[in-house]
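# Sequence and predicted model, in that order:
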Amino acid sequence: MISALGVIAAMLPIMTLPAAGPSSAPAPYGALPSAAQVRWQQMEFIGFIHFTTNTFTDKEWGFGDESPRVFNPTDFDAEQIVSSFAVAGMKQIVLVCKHHDGFCLWPSKFTDHSVEQSPWKGGKGDVVREISDACRRHKLKFGIYLSPWDRNRADYGSPSYVEYYRNQLRELITTYGPVSEVWHDGANGGDGYYGGAREARKIDPTSYYDWPTTWALIRKLDPNIVIFSDVGPDIRWVGTESGWAGDPCWSTITPVAEEAGRKPSPGIGIKDLWHGTRNGERWMPAETDFSIRPGWFYHASEDARVKTGPELVSHFFGSAGHGSVMLLNVPPDRRGRVHETDRASLEDLGERLKAIFATDLARGAAKRIGAARGGDKRFSPTSLTDGKADTYWATDDGDTTPSAVLEFAKPVTFSVVRLREYLPLGQRVDDWAIDTWDGSDWVELAKGTAIGSCRLVRAKPVTTTKVRLRITRSPVCPCISEMGLFLEP
């Protein structure tokens, strides 16, 4: 979550309901998240690093025949790279440890196609070690991407390659952990070098990798790791690399292959990735991946095409603000540093996000008015503004379209609203609306479908003394943990 700076101290709330005896919490609804999934969704903004031989050959996808000797950053600086992500407000970095070309950024004991055979640091360098250590210094979580496709390996397509892949996963998790996320994509087979064969190899992505066994291995090594792919099992791809999540973007989905009769698997097109599935059978929130540049790897020809701070803020509202997690790729250049233009955009982004979320004006409300479940103060609207993720406003089971009002002693001006549901009890709300008081009547400011982990509203500044949240459609009583109000400078 974006941390609030200089928040206004909340005034003591004036409750309209008398104190009552303890009431039971609402029953959970639908598919539910694991604790690890909740922690992952709460990060909201994370980073991606693409850096390998492609950086030096000016390619996006290496063919697999690249010599390790082309990998030779002139001024590699993990501290400069990771600090660039941290200053933007990211909470985790996923490092591409091996892309489709098969070159490994660590000295793996299972192959010599790695940094160990490069001239960088005389073959003694270890990018994974330096980035993971820098992440820990900056209190960022560390994730890994190990491409399932390997255009260098002679045994790709045979059972021995799958064992090789699992050995490297085990090596990375046990050597560089704790690892918070393991990332798989759907690039599976095609033209490659394959140890000199230079041929096209096709595999069946639904069976070749035996993903359930691989995922069980990850769970055994560290049950706190979340696993990403088209079909999770913990996190799903949003279905596009544009940097936008669907509206709505449900945290649940029922995976169905686009091609009839196919088994949903990484590399097989899945329906409804962008929006998810309301009342889906699995809790599998979306990760919205895109790059700060047109490509995923650094190309000097793209130095003038880096997304600006304001553009990245818009992406944040359109991804994290829809309940997804924004995954922004920032590729180091041939020096082994984040380019100055990219760094400037990241610094600007971080400053803008801090400025937007520095002060939660809702904390200064004089009153929080609304029905509480069983008359119990634990479930009163006070929980909307207490800054705690583990408290929430809830109503009686039969009250599925309630309202909560924040009243202010003096007019407040805001332009951003942030809503959050209490995820451990499921994604409960279908439709909602935000109203402001114009002095004589309520005026609708915004409405939408789905809240989830984070729902952001970005509007023109409005000045008012009262703000109302209306739940307009829900199958069960709502459980809302936050209603925040902010003014974008």
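Nice, I can see it.
# Please enumerate the helices of the stretch 101-250 of the chain.
For the stretch 101-250 of the chain, applying DSSP state H, counting those that start in this stretch gives helices covering 127-137, 159-176, 211-221.
# buried stuff in the first one?
By that I understand helix 127-137. 127-128, 130-135 (16 or more other Cβ atoms under 10 Å). In short, each C-beta sits where N, CA and C put it, glycine included.
# can I assume residue 477 is in contact with residue 396?
Yes: contact criterion Cβ atoms under 8 Å: residue 477 and residue 396 qualify, at 6.4 Å.
# which of those two has more neighbours?
More crowded of residue 477 and residue 396, by other Cβ atoms under 10 Å: residue 477, with 25 against 16.
# so how far is residue 393 from that one?
Counting by Cβ to Cβ, to the nearest Å, the gap from residue 477 to residue 393 is 10 Å.
# ok so, going back, common neighbours of residue 477 and residue 396, please.
Jointly contacting residue 477 and residue 396 under the rule Cβ atoms under 8 Å, 6 or more residues apart in numbering are residue 373.
# Next up, the contacts around the residue nearest the centre of the chain.
By Cα atoms, centre = their mean, the chain has its centre lying nearest to residue 325, at 2.4 Å. By Cβ under 8 Å, 6+ apart, the contact set of residue 325 is 40-41, 43-46, 235, 285-288, 319.
# now swap in residue 37 and tell me
226, 234-235, 283, 285 are the contacts of residue 37 under Cβ under 8 Å, 6+ apart.
# can you list the weak-confidence ranges in the stretch 101-250 of the chain?
For the stretch 101-250 of the chain, no stretch has pLDDT under 70.
# In contact with residue 31, which residues are there?
252, 280-283, 426.
# Doesn't residue 96 lie inside a strand?
Yes: Residue 96: assigned to a strand according to DSSP: H, G, I helix; E, B strand; the rest coil.
# Now do the same contact list for it.
Contacts of residue 96 (Cβ under 8 Å, 6+ apart): 48-52, 105, 145, 147.
# any idea of the mean pLDDT in stretch 60-74?
For stretch 60-74, the mean per-residue pLDDT is 97.
# Name the surrounding residues that touch it.
Contacts of stretch 60-74 (Cβ under 8 Å, 6+ apart): 52-57, 99-103, 113-120, 150-153, 191-194, 198, 295-297, 332, 334-336.
# picking that back up, and which of the contacts of residue 37 is nearest residue 216?
residue 234 (13.3 Å; Cβ to Cβ).
# Residue 219 is in contact with the closest one, correct?
No: using Cβ under 8 Å, residue 234 makes no contact with residue 219, being 10.0 Å away.
# Between the two, which has more neighbouring residues?
More neighbours surround residue 234 than the other of residue 234 and residue 219, with 23 against 13 (other Cβ under 10 Å).
# measure the more buried one to residue 218 for me?
10 Å.
# Now for those two: what residues contact both?
residue 227.
# For burial, what's the neighbour tally of the residue nearest to residue 75 when sequence neighbours are not counted?
Spatial nearest neighbour of residue 75, excluding adjacent residues (Cβ to Cβ, 6 or more residues apart in numbering): residue 335 at 4.3 Å. Close neighbours of residue 335, defined as other Cβ under 10 Å, add up to 15.
# can you confirm residue 335 is in a strand?
No: per three-state DSSP, residue 335 lies outside any strand segment and is coil.
# In contact with it, which residues?
Residue 335 touches 73-77, counting by Cβ under 8 Å, 6+ apart.
# what do you get for residue 142?
92-93, 95, 131-132, 135-136, 176, 178-180.
# So for the residue of the chain positioned farthest from its centre, what's the pLDDT?
In the chain, counting by Cα atoms, centre = their mean, residue 440 sits farthest out from the average C-alpha position, at 41.5 Å. As predicted, residue 440 sits at a pLDDT of 97.
# Going forward, count from 17.
With the count now opening at 17, the last piece we talked about shows up as residue 456.
# Report the separation between it and residue 481.
12 Å.
# Please apply the same query to residue 153.
Residue 153 is 46 Å from residue 481, by Cβ to Cβ.
# out of the contacts of residue 341, who's nearest residue 401?
Using Cβ to Cβ, those come closest to residue 401 at residue 60, 19.4 Å.
# Setting aside sequence-adjacent positions, which residue approaches the closest one most closely?
Closest to residue 60 by Cβ to Cβ, 6+ apart is residue 336, at 4.3 Å.
# for residue 392, same thing?
residue 39 (3.9 Å).
# Same question for residue 233.
Using Cβ to Cβ, 6+ apart, the nearest residue to residue 233 is residue 182, at 5.9 Å.
# For that neighbour, give me its contacts.
Taking Cβ under 8 Å, 6+ apart, one finds 229-230, 233 in contact with residue 182.
# Next: residue 225.
164, 178, 181, 219, 282 are the contacts of residue 225 under Cβ under 8 Å, 6+ apart.
# next one: residue 342
Counted by Cβ under 8 Å, 6+ apart, residue 342 has contacts 60-62, 259, 304, 331-332, 335-336.
# Next, give phi and psi for it.
phi -80, psi 120 (degrees, to the nearest 10).
# Just give me the neighbour total for residue 458.
17.
# Who is the closest residue to it other than its chain neighbours paired with across the strands?
Distances taken as Cβ to Cβ, 6+ apart place residue 451 nearest to residue 458, at 4.3 Å, with adjacent residues excluded. Residue 451 forms beta bridges with residue 460, residue 484, as assigned by DSSP bridges.
# mind listing what residue 451 touches?
458-461, 483-484, 486.
# The same query, at a cut-off of 7 Å, please.
By Cβ atoms under 7 Å, 6 or more residues apart in numbering, the contact set of residue 451 is 458-461, 484, 486.
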